[in-house]
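In: Structure for this input, please:
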Amino acid sequence: MRAFREVWRGVPVALACVALASCSIPAGSEPVGSRLFAHEQVAGPRSDATGPRLERATVAESADTDHAAAPPPNETPPAAPEPEAIVDTRTHPQKQWDHIAAAAPADCRERLASTKAKFQPLPDVAKPNLKGCGIPHGVMLTRGPTGIRYSPPVSIDCSLALELEDVERILQEEAADHLGSPIASIGTLGSFACRGVVGRLRGWTGGISARPQGGASSLSGSSP
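Out: Numbers count the residues shown, from 1 in each chain. Modelled structure (predicted):
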């Protein structure tokens, strides 16, 4: 108890010194710090009432600092607007023309000439006439790629003439199986004709078939 009173007797002096930033310790007085140290040795560790509060404040400050320094949560960017659907406003005859015009390769006539075909090239047509007729890359074919004759000759697009090679090969295979001899010629019912479609198919075709654009031909029969 004596040590405790000596310690607390010097505390007001020490606090006053701290407040005035200057103090002279009376002669013969033992420094407060040494008394405090001596008290701690005698009475054991001192429980500081402000300790827990300081500790909680430090933890709170740390939490606030961490919260402030934390990056903002990732925000999902707004979804991009969906592109508007492209509406094809072309008519059926125009779609058909574009398809036939793009079907023939640039060297179509050269490739056709490298086969057994016999044909006369027709002038290229850049766009159909007012009725929707015209052959983009026409040829008048008298003999097909495998040598079959067409009578009368057919005026068709070069792209179709190239495809006739596969058609003629199938016809020859069937003729060999069922007729016992190859086909020498095929009769035709005409090819190019600038006329409209009548009947129930008029609405579906837009009033025009593939024949007025060189994309079809009608066959009537064959002979050995």
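In: Poorly predicted segments of the protein, please.
Out: Across the chain, the ranges flagged by pLDDT under 70 are 1-73, 197-207.
In: Now do the strands in it.
Out: Here the chain has its strands, by DSSP state E, at 118-121, 138-143, 149-157, 185-188, 219-223.
In: other SSEs contacting the third one?
Out: Other elements packing on strand 149-157 under the criterion 3 or more Cβ pairs under 8 Å, 6 or more residues apart in numbering; DSSP states H and E are strand 138-143, strand 185-188. All C-beta atoms are positioned from the backbone trio N, CA, C, and that covers glycine.
In: try 10 Å this time
Out: helix 92-103, strand 118-121, strand 138-143, helix 158-178, strand 185-188, strand 219-223 (3 or more Cβ pairs under 10 Å, 6 or more residues apart in numbering; DSSP states H and E).
In: so of these, which one's packed in deepest?
Out: Most buried of the helices and strands packed on strand 149-157 by mean neighbour count (mean count of other Cβ atoms under 10 Å) is strand 138-143; its value is a mean of 22.
In: before we move on, the earlier item: quick one: closest of the strands of the chain to residue 104.
Out: Distance to residue 104, taken as Cβ to Cβ, is lowest for strand 149-157 among those, at 6.3 Å.
In: Tell me what angle the closest one forms with strand 219-223.
Out: With axes from the mean of the first three to the mean of the last three Cα atoms, to 10 degrees defining the directions, strand 149-157 sits at 150 degrees from strand 219-223.
In: what angle do strand 149-157 and helix 92-103 make?
Out: 110 degrees.
In: ok so, going back, out of the helices and strands packed on strand 149-157, flag the one nearest residue 210.
Out: For those, the distance to residue 210 is smallest for helix 92-103, at 6.3 Å, taking Cβ to Cβ.
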